[in-house]
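>>> Fold the following, please.
(chains A, B and C)
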Amino acid sequence: MQVSRRNFLQLAGLSTLGAVACNFFPEREFIAQSPSEMPEDLVTGIDNWYATLSPTGTESEGLVIRIMEGRAKKVRGNPLYPINQGSHSVRAEASLQALYHPDRISNPMVRTGNRGDGQYRPIDWNQSFDILRSQLQNLSDGTKLLSITNPLTGSLAHIIKTFSEEFGSRHTSFQPLEETVFNSTVKNLFGQDTLPTFDLKNCAFLLSFGSDFLSTWLSPVQFAKGFGEFRQGTNRTRGTFVQVDSRFSMTAANADQWIPLKPGMEGKLALSMAQVIVSEELVPQTTIESMNTGNTFAELQNALAPFAPETIVSELGIPALNHDKPEDVIRKLARDFASHGSKSIALGGGSSAAHTNGLFNLTAIYALNFLVGSVGQKGGIRFNPKAPVETLTHTSASATTTEWIKIKQAIDNGDISLLLIRNANPLHGLLNDIGIGDSLRRDDIYIVAFSTFWDETTEIADLVLPEKQFLEDWGDDVPKIGPGFQLIGMQQPVVKPIEPLNPMAFSDVMLRMANELGIASSFPLNKTTFLEVLKDNAASLHQLGRGSITEPSFDKFWNKYLQQGGWWDEQSTSIDGQPTPPMLIEIVSKHTSPSIIGPKGSNTFNLLPFQSLALTDGTGAHLPWLQSTPDPITSVVWSTWVEINTKVAEEMGLKEGDFVTIEGSNGNSIEARIYHHPAVPPNTVSIPIGQGHTSSIKYSKDRGANPLEIIGLPIVDHIGSLAWASTRIKLTPTGKSSPVPKFEGIVLAEATSEHEAVIKITRG
Amino acid sequence: MISKLKYIPMVLGPLIMTAVVIVLAIFILRAWWTTPFQVFGMGEPPEQPIAFPHTQHVKIDGISCAFCHQNVIRGDAATMPAVEQCLFCHATIQGDTAPPEVAKVVAHFESGTPINWKKIHRLPDHVQFSHEPHVRFLTQTQGLGIEAACATCHGDVRNMVEVEQVRRLKMGDCVDCHRDNIYLTDNKDITDCVTCHY
Amino acid sequence: MAKQHKWGMVVDIDRCIGCQACVIACQSENNVPINEEVDFLSRRAKQWIRIDRFWEGEYPNVKARFIPVFCQHCDNAPCEPVCPTYATYHNDQGLNVQVYNRCVGTRYCANNCPYQVRFFNFFNPSWPESLWNQLNPDVTVRSRGIMEKCTFCVQRIRRAERLIEGQKGEELTDQKIKDGNFMPACVNACPTDTLVFGDLNDETSEVVRKSKSDRSYRLFAELGTEPSVFYLKKVDPAAKSH
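Modelled structure (predicted):
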């Protein structure tokens, strides 16, 4: 090579710069690129905000994404979207890291080594279609196919449902901690298929039993939005919020009063409140009569008598609070609750539903709303009408633990030989005790996994198909917890997959398969792309001629649909049928205590696992922002910790950071670090769910432990869900210790806490 | 033998230190007092993948700067035009002798590959520069034409066969102009550090 | 002539639920490096905005209080006079500015800040290459040896000034800041509307109205730092009177 003066100077300049700045500028820093083509709305240096939504789990958040040069830069809540009204959660923000995660699967892969070896060979899409089609065709019977997906709604749920019906296969959705107990309660008590929402904005007295609704339960951003107004909204007095919970959750920390009680006793406390309300006649007699038809008032009082605060207080395990005796706490609570009438809400879920008596607990809790008349009222429980278009009303039910046991048996019996897994990771979330892991590792089944990332389940699949991340994909969403009126959310691709990623939409693959298998006779399978299905459904919405978009032509309607991130009609609040109040005596007759399984003796505690704010059930564990999000109460990051009462820990000689072995009811054990927590009831410990991944993906591998591995198989009576809060564990110190990674202590915030100016509490 | 070796670090250490200090001093002085390195296009322009003559396009054809660098009047970056924009004209106009450079552009368009021009004007990462307010000031407040406005910093591009950097575009250069013109603008914060550094 | 702004914030502690949405929104907007586990263990994690949690009382009468803390943009900032290189100073818009290219990393400012909101880059930031795609081009990636802190998302303020005041010649009002996504990222994210951002010089703005609330106070006001951030006290009916 001839070294010209120019070359020499360039080299000299670059090397000096590089050496001294210790920062090698990559070649692209010196390039100004002329792209081949430039879309009209894409201008270098100017940002565009596009509406879409995040269909993560049950919560639905409308988002607008800031796009610059074809890259997603920032998330913000869609200000128009009625669910989150411009705000968003940490999980929505971290979807950017899911989009640009270094370990995304870029090409279809087929397994070459033994199952679980992680040896794969990239293939192209046509080959993978051939494999998938032949696998489907080779099935002797449609029922041998089982599809497992994340919870689906809207058009995608319709496609998968129709596909399963036409093919004759089974479909189930997977959520590690599903809410079947809550769904059943809503169905039984309110007669509704859709889940209700809580009008926190207009509520005056909020009573929550064990549900962590501000951090992870159902639709936290929607609830938080209402909660802000509940606290300091304009033109209203400040609401009062009481949390009854055996764990001091983030939601409990925000309550005006936190009432700890023995795990699983929430239903009995609710009945005790009912006893006070009935015996002191704190609500109109007609209301009580409506919940007592066929019986006399005396009979009702007799039935409730065993739940009088004085009688039942020892069983509930409520401590004295602020020098009030426990029975007075209950009495006061019942009076406060009743005094706010239809502007009182009693809600329950989370740990109160996750006991063997979870169904009784929730039934008793939600029955309180009938007593004060807040069902279907402003400031009370508000029902969600069905989606206006029939093709959008489908949802996929999450299988309960008992159903998973049956599925496992079906796989073992050879009744299922092909599994289609999409965006679900049963190997991490589903309990070891079911033994699903062994079943999925059998040689006689074939697993096709659609996923954006490698995870435990994808790593044992035979065919791995890279899926589009939701920011690259089309979709629509009918939120499970709607805003109280009809709402269809619209998800549009805001960025293209960047090189070398070559993903495809799950929906498009399924439509293609339906077409090639010859089962594409009816809507929606007769469409070739998901976009056409969405447009068809949008056309049905357009024909309604009402709601947030009033455009005469469909093209304009469609544009606005995308632009606003959805369609909604605030007037459409009516529901099918009004709920009839439940009979109190009937609820009383069903009362049960939780049966808690697990070791007994010294150093044993009730275990209350919880979904951590950022990682939830573990779906976000590979995203560094979520891993580094401090837990709101403990500020612990990047690991699993055991929350234990400070005094108890000190008596046991456990210091913060000491590793303990946690032995569960099934004999399995995990290890985690101790965190001293002043607000944990002395007889319980809490461990977050979400860590303990073993897959090779960056940021989540071999980090912490998964408490679902030790809780055994306690089952909610009559429902079959996992009663994940009904277990006991035994703590044994291991002698090992290492500092807990946490934000607390990094800055000297303690210094400010003693300062009067920081916490000055006024009487409100 | 061993005892002598022991002294080697004592001699070498200071020597290396002195050398490092000298190299550093030269670098700092050079960075401070001289024009930027040639890699930034000062003095001698880098060789571009396609020899694009601004003389032909601006001087002879009379195309305005903002026709190709169209974002200069509305956004942060002036932007290089998309290849398809070259083809607006070059799909039909091939020049008198159908120069090979035009064929290169067409090839880029047909293969859908971007053209990687060498950057000539480059600011450090800690500077946030937006073209739009500068062009707005020069055209609206100062009443310059768009070409003269561009020439304020980029020099007489219409007469450059190969574009090169003519102003040092170091902080002193920016601040001089900001300070001189503060009385002409509404914005009294233009000499504030956080105008450009954030 | 454009109006002189004085940017400020109101934090209603009674609304704050501690959900950390602001924390991650800030990291995303401002190219704050990923806080790895080792950063927490070595006490070098950076959070321009953090939510302090304070315990009060003992089990079972125990309370946890959340207070979002970030740079207070003090009018009389203790960090400013100690900077030997003039890298931190107060500008005419009420912002406490950190000029990265002036900073030589003495860390005097962090030591003198009573709010502990300044963070030092002990390491060069690093992301896996694919995550570079997410970095905000409007914000400088700070290299090693530089102090950084909350800027009130000055890059968004600048954008607002360019687009609204410059191009359209209109005044920046609360509504225009909201509509144009010019609010700081934390304010955008907050699900309970705890944080309110606006112009303290604009008598009609929400920040001015809220800062005059009878619950209003400022952190360490008695130190004479004159913060631009107003806090509204937590209301607790059950609290013992102080």
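
>>> Name the residue most distant from the centre of chain C?
Relative to the centre of chain C, and counting by CA atoms, centre = their mean, the farthest-placed residue is C:Pro60 at 34.1 Å.

>>> Show the contacting residues for it.
C:Pro60 sits next to A:Trp258, A:Pro260, A:Pro319, A:Ala320, A:Leu321, A:Pro681 when contact means CB atoms under 8 Å, 6 or more residues apart in numbering or on different chains. Placement of C-beta: from N, CA and C, glycine included.

>>> I'd assumed the third one was in a strand, is it?
No. A:Pro319 is assigned coil when assessed by DSSP: H, G, I helix; E, B strand; the rest coil, not a strand.

>>> where does A:Arg146 fall, helix, sheet strand or coil?
Not quite, residue A:146 is Leu, not Arg. A:Leu146 falls in the strand class when you classify it by three-state DSSP.

>>> ok, now how distant is it from chain C?
Look at A:Leu146 and chain C: by CB to the nearest CB, to the nearest Å, they are 33 Å apart.

>>> swap in A:Asn425?
Per CB to the nearest CB, A:Asn425 is found 22 Å from chain C.

>>> what's the answer for B:Leu87, then?
Remark: distance between B:Leu87 and chain C (CB to the nearest CB) = 28 Å.

>>> now that residue, nearest residue through space, not along the chain?
Of all residues not flanking B:Leu87 in the chain, B:Phe109 sits nearest, at 5.2 Å (CB to CB, 6 or more residues apart in numbering or on different chains).

>>> Any stretches of the chain with poor pLDDT?
Using chain A. Confidence mapping of chain A against pLDDT under 70 gives the ranges A:1-26, A:56-58, A:749-764.

>>> try again with chain C
For chain C, applying pLDDT under 70 flags the ranges C:1-2, C:238-242.

>>> Pull the biggest helix by length in it out as PDB, backbone CA atoms only.
Longest helix of chain C, by residue count under DSSP state H: helix C:21-29. C-alpha atoms of helix C:21-29 as PDB (Å, rounded to 0.1, in the frame of the first residue of the first chain):
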ATOM      1  CA  ALA C  21     -41.500   4.400  36.900                       C
ATOM      2  CA  CYS C  22     -39.700   7.800  37.100                       C
ATOM      3  CA  VAL C  23     -36.400   6.100  37.900                       C
ATOM      4  CA  ILE C  24     -36.300   3.900  34.800                       C
ATOM      5  CA  ALA C  25     -37.900   6.600  32.500                       C
ATOM      6  CA  CYS C  26     -35.000   8.900  33.500                       C
ATOM      7  CA  GLN C  27     -32.400   6.200  32.800                       C
ATOM      8  CA  SER C  28     -33.900   5.600  29.400                       C
ATOM      9  CA  GLU C  29     -34.100   9.300  28.500                       C
END
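
>>> Report the distance from it to the chain centre.
Chain-centre distance of helix C:21-29: 11 Å, with CA atoms, centre = their mean, to the nearest Å.

>>> next one: stretch B:100-115
Offset of stretch B:100-115 from its chain centre (CA atoms, centre = their mean): 23 Å.

>>> Return the set of buried residues in that stretch.
By neighbour count on 16 or more other CB atoms under 10 Å in any protein chain shown, the buried set for stretch B:100-115 is B:Val102, B:Val105, B:His108, B:Phe109, B:Pro114, B:Ile115.

>>> Need the residues you listed in a markdown table (columns: pLDDT, secondary structure and distance to C:Phe122).
As requested, the buried residues of stretch B:100-115 are exported to a markdown table (pLDDT from 0 to 100; DSSP: H, G, I helix; E, B strand; the rest coil; distance: CB to CB, whole Å):
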| residue | pLDDT | secondary structure | distance to C:Phe122 |
| --- | --- | --- | --- |
| B:Val102 | 86 | helix | 53 |
| B:Val105 | 88 | helix | 48 |
| B:His108 | 90 | helix | 45 |
| B:Phe109 | 89 | helix | 48 |
| B:Pro114 | 90 | coil | 38 |
| B:Ile115 | 91 | strand | 41 |
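
>>> Could you pick out the buried ones from the contacts of C:Pro60?
Neighbour counting with 16+ other CB under 10 Å marks A:Trp258, A:Pro260, A:Leu321, A:Pro681 as buried within the contacts of C:Pro60.

>>> Give the full set of residues in contact with the residue nearest to B:Leu87.
B:Phe109 neighbours (CB under 8 Å, 6+ apart): A:Ser36, B:Val83, B:Glu84, B:Cys86, B:Leu87.

>>> can you tell me which of the residues you listed are in strands?
Nothing among these maps onto strands, per DSSP state E.

>>> Tell me the first helix or strand C-terminal of the helix or strand harbouring B:Glu110.
According to DSSP states H and E, B:Glu110 maps onto helix B:100-111. Note on helix B:100-111: by DSSP H and E, the next helix or strand toward the C-terminus is strand B:115-118.

>>> just checking, what packs against that next one?
Judged by 3 or more CB pairs under 8 Å, 6 or more residues apart in numbering or on different chains; DSSP states H and E, strand B:115-118 is in contact with strand A:31-34.

>>> ok, is the strand it packs on in contact with chain B or not?
Yes. Counting by CB under 8 Å from any CB of the partner chain, contacts between strand A:31-34 and chain B involve A:Ile31, A:Ala32, A:Gln33, A:Ser34.

>>> mind checking how far that strand is from the chain centre?
From the chain centre to the centre of strand A:31-34 is a distance of 43 Å (CA atoms, centre = their mean).

>>> Just checking: what are the partner strands of that strand?
Using DSSP bridges, the strands paired with strand A:31-34 are strand B:115-118 (antiparallel).

>>> Identify each buried residue in whichever strand or helix holds A:Met513, please.
Using DSSP H and E, A:Met513 falls within helix A:506-517. By 16+ other CB under 10 Å, the buried positions in helix A:506-517 come out as A:Phe506, A:Ser507, A:Asp508, A:Val509, A:Met510, A:Leu511, A:Arg512, A:Met513, A:Ala514.

>>> Which element, helix or strand, includes A:Ile67?
Here A:Ile67 is assigned to strand A:61-68, by DSSP H and E.

>>> So what's the gap between the helix or strand following that strand and the chain middle?
Counting by DSSP H and E, the next helix or strand C-terminal to strand A:61-68 is strand A:71-77. For strand A:71-77, the distance from its own C-alpha centre to the chain's C-alpha centre is 21 Å (CA atoms, centre = their mean).

>>> Extract the CA atoms of strand A:71-77 and return them as CSV.
Output of strand A:71-77 as CSV, limited to C-alpha atoms (Å, rounded to 0.1, in the frame of the first residue of the first chain):
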residue,chain,number,x,y,z
ARG,A,71,-34.9,3.3,16.1
ALA,A,72,-37.1,3.3,19.2
LYS,A,73,-35.7,5.7,21.7
LYS,A,74,-38.2,6.4,24.4
VAL,A,75,-41.6,5.2,25.7
ARG,A,76,-44.3,7.3,27.1
GLY,A,77,-47.8,6.5,28.0
